[in-house]
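>>> coords please:
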Amino acid sequence: MTSTPPSAESAAGVDSLSYEQARDELVRVVNELEQGSSTLEQSLALWERGEALAQRCEEWLIGAKERLDAARNSAAQNAAGTAG
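Below is the predicted model of the structure:
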């Protein structure tokens, strides 16, 4: 019997999640881990899923920061161009 490794299962579908979806699922995962009622194997899978979700959230936040920086730089260049 072959099965997908827990880390592959944990990361499955994370790349397609919006920031809000990933954040909400991460909150659920953390709450479940904090309850401590899972088996060791379930806890490891949850931990790995949480890591993948946290990484996805970070990617979204980095992307948002880059977009904000680009917009600020564009606005600053436009202001400098009209002032000179």
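>>> rest of the way, CA atoms for contacts and neighbours
Will do.
>>> the nearest residue to L17 once chain neighbours are set aside and D24: what is the separation?
Among residues not flanking L17 along the chain, R56 sits closest, at 7.8 Å (CA to CA, 6 or more residues apart in numbering). When distance is defined by CA to CA, to the nearest Å, R56 is 12 Å away from D24.
>>> what about the residue nearest to L17, which helix or strand?
Using DSSP states H and E, R56 maps to helix 40-83.
>>> could you list every helix and strand that that helix packs against?
If you count contacts as 3 or more CA pairs under 8 Å, 6 or more residues apart in numbering; DSSP states H and E, helix 40-83 packs onto helix 6-11, helix 19-35.
>>> that helix vs helix 19-35, what angle?
150 degrees (axes from the mean of the first three to the mean of the last three CA atoms, to 10 degrees).
>>> helix 40-83 - what's its average pLDDT?
For helix 40-83, the mean pLDDT works out to 94.
>>> mind checking how far R72 is from N78?
Counting by CA to CA, the gap from R72 to N78 is 10 Å.
>>> ok, S16 next?
35 Å.
>>> and if you look at E20?
In terms of CA to CA, E20 sits 33 Å off from N78.
>>> count the neighbours of R56 for me.
By other CA atoms under 10 Å, 22 other residues sit near R56.
>>> that one and Y19 touch, don't they?
Yes: using CA atoms under 8 Å, R56 makes contact with Y19 at a distance of 7.3 Å.
>>> host element of S38?
Short version, using DSSP H and E: S38 is in no helix or strand.
>>> excluding sequence neighbours, find me the nearest residue to it.
E32 is the one closest to S38 (CA to CA, 6+ apart), at 7.9 Å.
>>> can you count the residues close to the one you found?
15.
>>> could you shift the numbering so residue one becomes 10, and keep it that way?
Done: numbering now begins at 10, and the last item shifts to E41.
>>> per-residue pLDDT, it?
96.
>>> likewise G22?
According to the model, G22 carries a pLDDT of 91.
>>> backbone phi and psi for S47, please?
phi -90, psi 160 (degrees, to the nearest 10).
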